[in-house]
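**Student:** Next one to model:
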Amino acid sequence: MNPRLFASAGAVALVVTLAPLSQAGASESETKATISQVGTYDYLVQPDFAGLAPLSEVIEGQTLGLGTFADLDGEFVMVAGVPYQVRPDGTPREVDPQVSTPFAQAVDFRPDTSGPVAPGTTCADLGPVITALAGSDDGITAVRVRGTFTDLVTRSVPRQQVPYPSLAQVVAGQTVFALGQERAVLVGFWQGDDMKGVGQPGLHLHGVNVDRSAGGHVLSCVVGSDVQVSVQRTAGVTIHSRH
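**Tutor:** Numbering: from 1, shown residues only. Take a look at the predicted model:
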């Protein structure tokens, strides 16, 4: 990784780029999208859930994203450029971009490649499918998985107060939604070990169903007969903060 730190108009941004393996890789990386991000996963696990910047800082010009809101006030998911907040009632609602966030990631999603997922595949088994399509398990790969799921389970968490409990304690109090069979869009990121601390290692997905009546952080899923996964390798991350 190649981090650079700079300040502009009261904002601080840490730019984390992936070091190219070759000169050809350098040329290719210049054409890839960069993830826009507020906060880091390490910031959340301190724990600290105070907002660092408005959501607009990260989602402007982007189409796919996930994260949370100040004080962990529910789950953030962005599909096709529309930002949603899923609180513990389980209902996705369009959210004001000026709301504050301690952690969010977004990208202008333009998939490099797509492929079908074998029926019966679980969310836990999607990692090798994604890294095979992406051609690497390093860096950050943006992911969209859509179609019919025979068993989809999501969650949200309640808003927290200072002094903040640990992230593990918050998750222990999560509200779980066993949605069963649903047509849905799941979006998120596969993050390699080389980006540890920037985001959550491995595969992190949030989602909404097609009629936008349910969603949240994806705990588990079982793929139906028509599911496609699309992936986009990224060049790195720009991390914004106004805190």
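
**Student:** Which helix runs longest in the protein?
**Tutor:** helix 126-134 (DSSP state H).

**Student:** shaky segments in this structure?
**Tutor:** 1-31, 241-243 (pLDDT under 70).

**Student:** care to break it down by domain?
**Tutor:** 2-108+237-241, 113-233 (automatic domain parsing).

**Student:** Show me how far the shortest one is from its chain's centre.
**Tutor:** Between the centre of domain 2-108+237-241 and the centre of its host chain there is 8 Å, according to C-alpha atoms, centre = their mean, to the nearest Å.

**Student:** Equivalent analysis for the last one, please.
**Tutor:** Here domain 113-233 shows a centroid-to-chain-centroid distance of 8 Å under the convention C-alpha atoms, centre = their mean.

**Student:** can you pull out the helices in the chain?
**Tutor:** Using DSSP H, helices in the chain cover 23-29, 41-44, 56-59, 126-134, 167-172.

**Student:** Which among the ones you listed is found nearest to G188?
**Tutor:** helix 126-134 (10.0 Å; C-beta to C-beta). Any C-beta I mention is one placed from the backbone N, CA and C, and that applies to glycine too.

**Student:** Output the contacting helices and strands for the closest one.
**Tutor:** strand 113-116, strand 140-156, strand 175-191, strand 202-209, strand 228-233 (3 or more C-beta pairs under 8 Å, 6 or more residues apart in numbering; DSSP states H and E).

**Student:** redo that, cut-off 6 Å
**Tutor:** On a contact count with 3 or more C-beta pairs under 6 Å, 6 or more residues apart in numbering; DSSP states H and E, helix 126-134 meets strand 228-233.

**Student:** The strand it packs on: which residues count as buried?
**Tutor:** Of all the residues in strand 228-233, those buried under the rule 16 or more other C-beta atoms under 10 Å are 229-233.

**Student:** I'd like to know which of the residues you listed is nearest to P54.
**Tutor:** Q232 (24.9 Å).

**Student:** what bridges to the closest one?
**Tutor:** A142 (DSSP bridges).

**Student:** Is it in contact with D112, as I believe?
**Tutor:** Yes: counting by C-beta atoms under 6 Å, Q232 does reach D112; the two are 5.3 Å apart.

**Student:** and G65, how far is that from T101?
**Tutor:** 10 Å (C-beta to C-beta, to the nearest Å).

**Student:** Kindly report the same for G216.
**Tutor:** 16 Å.

**Student:** and those two? which has more neighbours close in?
**Tutor:** G216 (29 against 26; other C-beta atoms under 10 Å).
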